[in-house]
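[1] Structure for the following, please:
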Amino acid sequence: MGDLTLKSDEELMLLYQAGDVQAFSAIFSRFEKPVYGYLKKKLSKSELVEEVFQDCFMKLHRSRFLYDSKYPVKAFLFTIAKSVLIDHFRKTGKEMPVQLVPADYPTNAPSTEALDKALLALAPREQAAVNARFIEDKTFQELATLLGTSEINARQILSRSMSKLKKILIRPPQTGGSKS
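    Numbers count the residues shown, from 1 in each chain. Just a heads-up that it's a prediction; the model follows:
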């Protein structure tokens, strides 16, 4: 079957869907730290982090056949992590912590579903940049390492990615005729 460490995330997921348990182990090894770090930032108690972390990978196992190889495994897994977090907060009757936003934040902000669709329209490298910076809360230095580029270039990639997202999400009004 070859060295699984040389396989892409997507190839590993396809192997896992086909029943290769070692592929799951490789996926777990690759994403253990990022998922755990994400959950640790969202939950205050370490025992809760452990519980929700385990639930994430159990849900990955149950949902593995829903994965579409056209999309990054990382996005699929972090969507699962977010879903498990929301379920946890629903069960405990607590609200998911939110960050305060300025009063002038647009009330017509795109839905999570629209944002997910828009992210999928980006190139894989752009998706990775946006996910790393805004979902995993990576620094620009960490982002540069992840992308294999300089910090300045990483900032530029992220900036261009955000511009593309903005264009996708904010469409100019249709102009049909003259307004007179």
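[2] List the contacts of Val52.
    Taking C-beta atoms under 8 Å, 6 or more residues apart in numbering, we find Val52 in contact with 39, 43, 84-85, 88. Every C-beta, even on glycine, is put in place using the N, C-alpha and C of the backbone.
[3] Ignore what I typed, I meant Phe57.
    28, 35.
[4] returning to what we had before: tell me which two of the contacts of Val52 sit farthest apart.
    For the contacts of Val52, the farthest-apart pair by C-beta to C-beta is Leu43 and Val84; their separation is 10.9 Å.
[5] how close does the residue nearest the centre of the chain sit to Phe31?
    Closest residue to the average C-alpha location of the chain: Ala75 at 3.8 Å, with C-alpha atoms, centre = their mean. Plainly put, Ala75 is 11 Å away from Phe31 if you go by C-beta to C-beta, to the nearest Å.
[6] Sort out which residues of stretch 34-54 are buried, please.
    34-36, 38-39, 42-43, 49, 52-53 (16 or more other C-beta atoms under 10 Å).
[7] Show me the shaky parts of the chain.
    1-2, 94-113, 171-180 (pLDDT under 70).
[8] and it, what are its domains?
    Under automatic domain parsing, the residue ranges defining each domain of the chain are 1-98, 102-171.
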